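> how would this look folded up:
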Amino acid sequence: MADEIKDAYLIAGTDEAKIDATRRALRARAEREGGQGALEVFEAGAGRRSPDADAFLGALLAISLIASRRYLLADGVEAWGAKDAERVADALASPPPEATVVLVAHGKAPAKLAKAVEQAKGEVLVFDAPKARELPRKLVGDARRLGYTLEPDAARMLVDRLGESSLRLQNELERLALWAEEGGTVRIEDLEAMVADTSEQAIWSLSDAITEGKQADVLRIAEQLADQGEALPRIVYSLAPRLRQARQAAAELEAGRSPKQVAEGLSMHPYAARMLVKRVQGRDPADLDAAIWAMADLEMWSRGGSDYPEDVALTLSLRSAVGAAG
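Residues are numbered from 1 along each chain as shown. The predicted structure is shown next:
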């Protein structure tokens, strides 16, 4: 946001990292000018899908006898219905003095709100996330701006492991900046060493081992996760979608589609899709069906459907997933 504060802002788009950074900058300015709690935030919660429009309008129209400028932020306005959006748009036509209104939409905002902010001589900021294929190159550039070098292979690994969430990737880039220090370099070998012992990396490795049918690796990683006390629901939640994608890829390869066609049809990052297709080449889809059923058993056991201790339930399910003897 510019040095000269405006009366109204609409922040919209799919780039959660930039939206979050703009929110943080606004909070810092509000607290610098008005002290702790100067920014009043209205969010979804308590069974609501959107911020409470009535509460937001009440605060907007209230008269403050304390602060020289008030800051009010409604986060999640994309979920407002037409009636609520119209009421807030009407209120912005004659906003109270010394108040800054910020509306945040995760995605596309109601058109009436954008028009109302513009008519109030405010500013509409739209931050759209880059396409999946552009993410590694963007990460390399963002790392350079943070003062270090992120090699392209390492950037692709980050997207493969963390997904396409711009906020999650940005947080990881900032964490790596502390590790690399000014002028340092982060290579793929560095990332592999950093995450080798974390639960998230262990679950990723477990998914790869099940997909490739590597019994020894599966049982070794299962023991590691049990020793770490990893919760069964998180393991199931992380493994299940990856195994379903692996099963889909194996079935399509068996049906005669080319590896390139199969990879392009998977709903995941292109680099991760190519690696998955490579892992399932030659695998029987029925074996991956068995792995998926084993995860269903594990989910049932994690919800109290068995008297097994969690570590035993995990080991039994994973042995079944790769066809190991009991």
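> Now for Gly163, how many residues are close by?
Gly163 sits with 14 neighbouring residues when counted by other C-beta atoms under 10 Å. In this view, the C-beta of every residue, glycine as well, is placed from N, C-alpha and C.
> Likewise for Ser267?
Neighbours of Ser267 (other C-beta under 10 Å): 9.
> Can you tell me the SS state at it?
coil (DSSP: H, G, I helix; E, B strand; the rest coil).
> Chain neighbours aside, what residue packs nearest to it?
Gln245 (7.7 Å; C-beta to C-beta, 6 or more residues apart in numbering).
> Quick check: phi and psi at that neighbour.
Main-chain dihedrals, Gln245, degrees, to the nearest 10: phi -70, psi -40.
> so what's it up against?
Listed by C-beta atoms under 8 Å, 6 or more residues apart in numbering, the contact set of Gln245 reads 266-268, 276.
> how far away is Leu266 from Val277?
8 Å (C-beta to C-beta, to the nearest Å).
> lowest-confidence helix or strand of the protein?
Least confident helix or strand of the chain, by mean pLDDT, DSSP states H and E, is helix 188-195 with a mean of 77.
> Would you mind getting the angle between the next helix or strand after it and helix 188-195?
Next along the chain after helix 188-195, taking DSSP states H and E as the criterion, comes helix 199-212. Put simply, helix 199-212 runs at 110 degrees to helix 188-195, going by axes from the mean of the first three to the mean of the last three C-alpha atoms, to 10 degrees.
> chain center to helix 199-212: distance?
19 Å (C-alpha atoms, centre = their mean, to the nearest Å).
> same thing with stretch 316-326?
32 Å.
> Can you show me the CA trace of the longest strand anywhere in the chain as CSV?
The longest strand of the chain (DSSP state E) is strand 99-106. In CSV, the C-alpha atoms belonging to strand 99-106 read as follows (Å, rounded to 0.1, in the frame of the first residue of the first chain):
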residue,chain,number,x,y,z
ALA,A,99,-11.8,5.4,8.5
THR,A,100,-10.0,3.0,6.2
VAL,A,101,-12.1,0.0,4.9
VAL,A,102,-10.3,-3.0,3.6
LEU,A,103,-12.2,-5.9,1.9
VAL,A,104,-10.4,-9.1,1.1
ALA,A,105,-11.7,-11.6,-1.4
HIS,A,106,-9.9,-15.0,-1.9
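> Pull up the pairing partners for it, direction included.
strand 8-13 (parallel), strand 70-75 (parallel) (DSSP bridges).
> what's in contact with that strand?
Against strand 99-106 from outside (C-beta under 8 Å, 6+ apart): 5-14, 16, 19, 23, 26, 60, 69-78, 88, 92, 95, 109, 113, 117, 122.
> Run through the residues that contact Glu299.
If you count contacts by C-beta under 8 Å, 6+ apart, then Glu299 has 232-233, 236, 240 around it.
> Which ones among the residues you listed map onto helices?
232-233, 236, 240 (DSSP state H).
> pretty sure Gln170 is in contact with Ala143, am I right?
No: in this structure, Gln170 is not within contact of Ala143 by C-beta atoms under 8 Å, at 10.5 Å.
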